[in-house]
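> sharing a sequence plus its predicted fold:
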Amino acid sequence: MKNRTIWNKGTILVAIISIAITGCMQTETIEIEREMEGPEYTHAVAILQPTEGFEASGTVYFTKVEEGVNVTAEITGLSEGNKGFHIHQYGDCTAANGTSAGGHFNPDEMDHAGPDDAMRHMGDMGNIVADADGNATIDYVDGTININMILGRGVIVHNGEDDLTSQPSGAAGPRVACGVIGVAAGTE
């Protein structure tokens with residue numbers, strides 16, 4: 001009889017701890033949902049700085065439009081040709097070679113593809129084309145990018161062309177510029 005009483009007290013203690021833990025988990029879930037209900041941002045910007053050994057720099061703007069997100073960029077200091085242009089997982093440009101930005105931003109776990117493909121990484125923006133003077137511009141509307149989801153992530157320009165098919169990142173070569181995406185004027 002004595003052992004049974006101890007067992008019951010232990011069972012009650014476990015039940016109380018379980019209820020307390022479950023209660024905490026529910027509170028955390030509510031907090032996360034509340035944070036996600038924040039403002040919808042309509043403008044973002046990334047200032048690109050060169051990685052070690054390169055001279056590329058520029059600015060990338062993201063502006064919400066009816067059809068998606070208008071992506072515009074002006075980049076200088078590139079070698080001539082097509083250059084891979086992507087949103088990466090992390091807004092971390094501390095590594096000299098830009099690798100601290102991680103891989104392509106891919107929240108839906110899709111294969112790598114081009115910006116016009118329906119099934120692709122959210123971060124797949126294709127290529128930006130540098131002229132003989134090393135200058136490149138881009139202006140297109142992307143139906144996959146979500147500004148709120150890319151805030152705080154990185155933008156990377158690569159030294160080579162993104163072939164739009166090689167997995168997981170298009171075989172675009174070294175990272176020549178890196179920038180962090182932040183909120184710009186125009187929040188709704």
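It's in. Residues are numbered from 1 along each chain as shown.

> got the phi and psi for I147?
I147 has phi and psi values of phi -60, psi -50 when expressed as degrees, to the nearest 10.

> for I150, same thing?
I150 adopts backbone torsions of phi -100, psi -10, taken as degrees, to the nearest 10.

> touching, it and P107? I think so.
No. When contacts are counted by CB atoms under 8 Å, I150 is not listed as touching P107 (9.7 Å). Any C-beta I mention is one placed from the backbone N, CA and C, and that applies to glycine too.

> more neighbours: these two, which one.
Of the pair I150 and P107, I150 is the one with more neighbours under other CB atoms under 10 Å, namely 23 against 12.

> A46 versus that one, what's the distance?
Counting by CB to CB, to the nearest Å, the gap from I150 to A46 is 9 Å.

> then V60?
Plainly put, V60 is 5 Å away from A46 if you go by CB to CB.

> show me how the record splits the protein into domains.
Following the assignment in automatic domain parsing, the chain carries domains at 1-38, 43-183.

> weakest of these by average pLDDT?
Per-segment mean pLDDT for the domains of the chain reaches its minimum on domain 1-38, at a mean of 41.

> ranges for the helices of this structure?
2-36, 147-150 (DSSP state H).

> coming back round to it: go through the domains of the chain and pick out the most buried.
Ranked by mean neighbour count, the domains of the chain are led by domain 43-183 with a mean of 19 (mean count of other CB atoms under 10 Å).

> and the end-to-end length of stretch 66-84?
26 Å (CA to CA, to the nearest Å).
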